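Student: Mind folding the following:
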Amino acid sequence: MVLAVLFTLTSPAALLDALRVSTWPGIVAALACVPLHMGLRVLRWKTLLADAGEEDGAARALRTVLVGYAFAVTTPAEVGEVAARVRMHEGVAGPRVVGLVMVEKLLHSMLAIVPGLP
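Tutor: Coordinates of the predicted model:
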């Protein structure tokens with residue numbers, strides 16, 4: 001939803017200008033980081049579930065993260081991610097999954113903030 005608003009507020013010419021000043025190595029490097037980022041999120045989710053006593057295979061953890069991400073970017077405050085993960089793990093108590101998602105969000109935030117501290 002946020003992306004839709006940004007695209008309506010930004011002119012196509014501004015987007016093309018941004019692409020013109022970007023370097024191809026930078027764009028390729030950024031795109032190469034996407035699978036690494038998602039892979040680390042899957043590993044983190046799988047590890048959190050295992051620590052909570054809920055075993056999950058890599059394929060299911062990948063599906064959970066991808067579905068959660070898809071719902072996160074389409075709902076305000078990323079609440080869709082929490083709902084999707086609860087739905088994907090129906091055999092696990094809802095509050096437990098919500099707690100695990102909150103821990104995962106905290107870890108995700110720390111990994112983004114701590115390296116930028118002076």
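Student: Next, find the distance separating the residue nearest the centre of the chain from L48.
Tutor: Centroid check for the chain by CA atoms, centre = their mean gives Y69 as the closest residue, at 4.9 Å. Distance, Y69 to L48, using CB to CB, to the nearest Å: 16 Å. Heads up, the C-betas are built off the backbone N, CA and C, glycines and all.
Student: now swap in E78 and tell me
Tutor: Using CB to CB, we find E78 at a distance of 17 Å from L48.
Student: Kindly report the same for P115.
Tutor: Noted for P115: a distance of 21 Å to L48, by CB to CB.
Student: who has more neighbours, the two?
Tutor: Neighbours per residue (other CB atoms under 10 Å) separate P115 from L48, with L48 holding more: 19 against 7.
Student: still on that earlier bit, over to the residue nearest to the centre of the chain: give its phi and psi.
Tutor: Note on Y69: backbone dihedrals following degrees, to the nearest 10 are phi -60, psi -40.
Student: so what's it closest to, chain neighbours aside?
Tutor: Sequence neighbours aside, E81 is the residue nearest to Y69 in space, at 6.7 Å (criterion: CB to CB, 6 or more residues apart in numbering).
Student: What pLDDT does the model give that neighbour?
Tutor: Per-residue confidence for E81 comes out at a pLDDT of 89.
Student: What is the burial count for it?
Tutor: Burial of E81, expressed as a neighbour count using other CB under 10 Å, amounts to 23.
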